[in-house]
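K.L.:
got a sequence here, can you build the structure:
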Amino acid sequence: MTQIANDQQLRDALNALSPDQQRLMGAHFAESVMHLCLDDRVRRAATLALSSDPAPSELGDAMKAAKSYAVKTYTECGKDTDWLKQADHFVAAAVTAALTPPDQLPAKTNPAWKAAVQARMAKNCELMETDEGEEETESDRQYKIASQYL
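P.N.:
Model prediction:
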């Protein structure tokens with residue numbers, strides 16, 4: 001089992017994955033913060049993203065649903081400081097990133113890394129709401145997830 005201990009190792013590992021593996025890894029990162037998601041469509045999209053052999057049309061529909069919700073909730077970010085609504089937005093953005101096909105991303109953009117960053121943002125929003133620390137950061141959880149998967 002590969003041990004990942006920092007962001008550079010994580011990025012290197014993610015860049016070595018196939019597009020399907022990147023989707024799965026991004027979905028695992030999103031799943032780590034799914035308890036912050038308020039929308040059933042995003043939850044279903046995340047479940048589909050974790051499937052081993054989904055139909056391309058299903059992936060496209062799931063990405064559109066998650067992206068639509070992320071766009072809708074984006075307007076909530078910054079109005080009032082409702083950290084849990086903002087966390088909900090970032091979960092949807094993480095699922096969207098995981099489901100985005102490589103040909104729809106700028107060059108050298110890794111969907112799994114993008115999902116990881118969005119998941120971290122969701123967790124940071126949750127921490128702002130609860131005003132509590134945690135023993136294990138979202139980055140540390142992602143290192144464990146990637147180490148187990150690889």
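K.L.:
helices along the chain, start to end?
P.N.:
Using DSSP state H, the helices of the chain run over 7-15, 19-31, 40-49, 56-74, 83-99, 111-130, 138-149.
K.L.:
need the residues that contact the first one.
P.N.:
The set of residues external to helix 7-15 that reach it, using Cβ atoms under 8 Å, 6 or more residues apart in numbering, is 2, 4, 22, 25, 110, 112-113, 116, 139, 142-143, 146, 150. The C-beta positions use only the backbone N, C-alpha and C, and glycine is treated the same way.
K.L.:
can you lay out the helices of the chain as CSV showing mean neighbour count?
P.N.:
Output for these, formatted as CSV (neighbours: other Cβ atoms under 10 Å):
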stretch, mean neighbour count
helix 7-15, 16
helix 19-31, 23
helix 40-49, 20
helix 56-74, 17
helix 83-99, 27
helix 111-130, 22
helix 138-149, 18
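K.L.:
what's the closest of these to residue 105?
P.N.:
helix 111-130 (6.4 Å; Cβ to Cβ).
K.L.:
give me the low-pLDDT residue ranges for the protein?
P.N.:
Residue ranges of the chain with pLDDT under 70: 1, 75-80.
K.L.:
hang on, residue 88 packs against residue 39?
P.N.:
Yes: contact status for residue 88 versus residue 39: in contact at 7.2 Å, counting by Cβ atoms under 8 Å.
K.L.:
so can I have TSV of the contacts of helix 7-15 showing distance to residue 14?
P.N.:
Formatted as TSV, those follow (distance: Cβ to Cβ, whole Å):
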residue	distance to residue 14
2	12
4	10
22	6
25	6
110	5
112	5
113	5
116	8
139	13
142	10
143	11
146	7
150	9
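K.L.:
who touches residue 45 in this structure?
P.N.:
62-63, 65-66, 95, 99.
K.L.:
before we move on, what about residue 23?
P.N.:
Taking Cβ under 8 Å, 6+ apart as the test, what residue 23 contacts is 49, 59, 98-99, 111-112.
K.L.:
taking those, tell me the two that lie furthest apart.
P.N.:
59 and 112, at 14.7 Å, using Cβ to Cβ across the contacts of residue 23.
K.L.:
and the gap between residue 137 and residue 69?
P.N.:
Using Cβ to Cβ, to the nearest Å, one gets 26 Å for the distance from residue 137 to residue 69.
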